[in-house]
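Q: the sequence and its predicted three-dimensional model are supplied below.
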Amino acid sequence: MRPLVAITMGDPAGVGPEISLKAAVSVDVSGVARPLILGSGPVLRYYADLLKLPVPLRGINSPEDYLDEFVNYIPVNNLSLTDFEVGKVSPPCGRAAYEYLKAGVKMALRGQVSAIATAPLNKEALHRAGLEFAGHTEILAKLTGTKDYAMMLVAGNLRVIHVSTHVAIRKACDLVKEERVYKTVTIAAAAAGSLGIRDPRIVVAGLNPHAGERGLFGDEEIKEIVPAVEKAREQGFNVYGPLPPDTVFLKASRGEYDIVVAMYHDQGHIAVKMAGFEKGVNITVGLPVIRTSVDHGTAFDIAGKGIADERSMVEAIKLAAEMAKYK
């Protein structure tokens with residue numbers, strides 16, 4: 001049976017409702033998964049009318065009530081369009097996006113759904129709602145009690161996992177420590193396994209230009225990254241590097257490596273978004289549940305216009321369904 005994938009609607013003021021519905025009726029999704037949206041009924045009905053959705057929308061009480069001939073949703077925090085302004089930061093929307101995700105995690109932990117695919121939320125809206133999280137990844141770690149986790153991005157053959165994500169660049173450099181790099185390598189190996197890749201070729205990017213050029217441009221490679229790589233090799237991991245960050249992503253995209261360990265947020269994100277912004281997928285690895293996401297934000301500037309591109313959400317749902325095979 002096709003896995004049941006819960007789609008959390010994201011910030012109602014952004015493009016989340018639109019791309020959730022568009023993806024749910026995509027033939028690329030229906031062939032591999034059963035999409036179940038968690039979100040606001042009034043908002044979803046508004047967008048279903050706006051988009052002239054070709055499949056009827058149906059609210060249900062639990063995942064067990066799912067029927068294939070409908071776009072199924074479970075109402076959570078039923079905001080209406082009178083409660084917020086489309087395209088604007090709103091505390092109620094920040095709270096709603098959190099509650100959709102919380103509901104999805106509960107269902108996944110109970111085994112009611114096979115995976116979660118998340119539409120984008122807005123970090124400022126979260127904070128205005130009193131929810132001091134940096135983003136989805138940190139919320140998921142908190143809700144599942146996970147200590148060791150990482151963000152992985154996927155665009156075609158390019159898979160990138162991060163040693164650090166949502167921190168200032170100065171702090172990101174300070175976080176490049178042997179134990180943290182080593183743990184990220186081990187999480188990368190497990191993540192590759194969840195994608196069906198056995199004995200993955202893991203390559204570690206350097207932090208500095210030319211991977212430090214033997215200490216000429218910085219010594220983090222010598223002091224922290226090389227020892228982490230050597231430790232991983234001793235533990236039997238098929239790991240390479242550190243390699244210069246300006247070439248390592250190209251090599252990986254050409255198939256020379258299965259996954260890249262990036263040292264910080266933009267080092268990995270820029271490469272993946274250049275490789276395939278419209279179809280990029282974000283995965284939180286190390287969790288007890290499968291979670292994939294679009295690799296873009298709430299796009300407030302185009303919200304409510306019916307022109308949002310759903311391809312990243314389609315790919316996120318498809319990848320979640322694929323990962324469910326190896327769980």
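A: Here it is on my side, so go on. Numbers count the residues shown, from 1 in each chain.
Q: for stretch 146-155, measure first residue to last.
A: Chord length of stretch 146-155, first to last residue, is 25 Å (Cα to Cα, to the nearest Å).
Q: before we move on, what about stretch 207-217?
A: The first and last residues of stretch 207-217 sit 10 Å apart, counting by Cα to Cα.
Q: quick one: buried residues of the lengthiest helix in the chain?
A: Longest helix of the chain, by residue count under DSSP state H: helix 91-110. Judged by neighbour count (16 or more other Cβ atoms under 10 Å), helix 91-110 contains these buried residues: 91-105, 107-108. Bear in mind the C-beta positions are built from the backbone N, C-alpha and C, glycine included.
Q: which strands or helices does the helix or strand just after it pack on?
A: Note on helix 91-110: by DSSP states H and E, the next helix or strand toward the C-terminus is strand 115-118. With contacts taken as 3 or more Cβ pairs under 8 Å, 6 or more residues apart in numbering; DSSP states H and E, strand 115-118 sits against strand 4-8, helix 91-110, strand 291-294, helix 311-324.
Q: out of the ones you listed, nearest to Glu224?
A: Nearest to Glu224 among the helices and strands packed on strand 115-118 is strand 291-294 (28.7 Å), distances taken as Cβ to Cβ.
Q: quick one, the longest helix of the chain and strand 4-8 angle?
A: Counting by axes from the mean of the first three to the mean of the last three Cα atoms, to 10 degrees, helix 91-110 lies at 160 degrees to strand 4-8.
Q: what mean pLDDT would you report for helix 91-110?
A: For helix 91-110, the mean per-residue pLDDT is 97.
Q: now find how far off-centre it is within its chain.
A: Distance of helix 91-110 from its chain centroid, counting by Cα atoms, centre = their mean, to the nearest Å, is 15 Å.
Q: now it - C-alpha only, PDB.
A: What follows is helix 91-110, C-alpha atoms only, in PDB (Å, rounded to 0.1, in the frame of the first residue of the first chain):
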ATOM      1  CA  PRO A  91       1.500  35.600  15.400                       C
ATOM      2  CA  PRO A  92      -1.700  33.500  14.900                       C
ATOM      3  CA  CYS A  93      -0.200  32.100  11.800                       C
ATOM      4  CA  GLY A  94       3.000  31.300  13.500                       C
ATOM      5  CA  ARG A  95       1.100  29.500  16.300                       C
ATOM      6  CA  ALA A  96      -1.000  27.600  13.700                       C
ATOM      7  CA  ALA A  97       2.100  26.400  11.700                       C
ATOM      8  CA  TYR A  98       3.500  25.100  15.000                       C
ATOM      9  CA  GLU A  99       0.300  23.200  15.800                       C
ATOM     10  CA  TYR A 100       0.100  21.600  12.400                       C
ATOM     11  CA  LEU A 101       3.600  20.300  12.900                       C
ATOM     12  CA  LYS A 102       2.900  19.100  16.400                       C
ATOM     13  CA  ALA A 103      -0.100  17.100  15.200                       C
ATOM     14  CA  GLY A 104       1.900  15.500  12.400                       C
ATOM     15  CA  VAL A 105       4.700  14.500  14.800                       C
ATOM     16  CA  LYS A 106       2.200  12.900  17.200                       C
ATOM     17  CA  MET A 107       0.600  10.900  14.300                       C
ATOM     18  CA  ALA A 108       4.000   9.800  13.000                       C
ATOM     19  CA  LEU A 109       5.200   8.700  16.500                       C
ATOM     20  CA  ARG A 110       2.000   6.700  16.900                       C
END
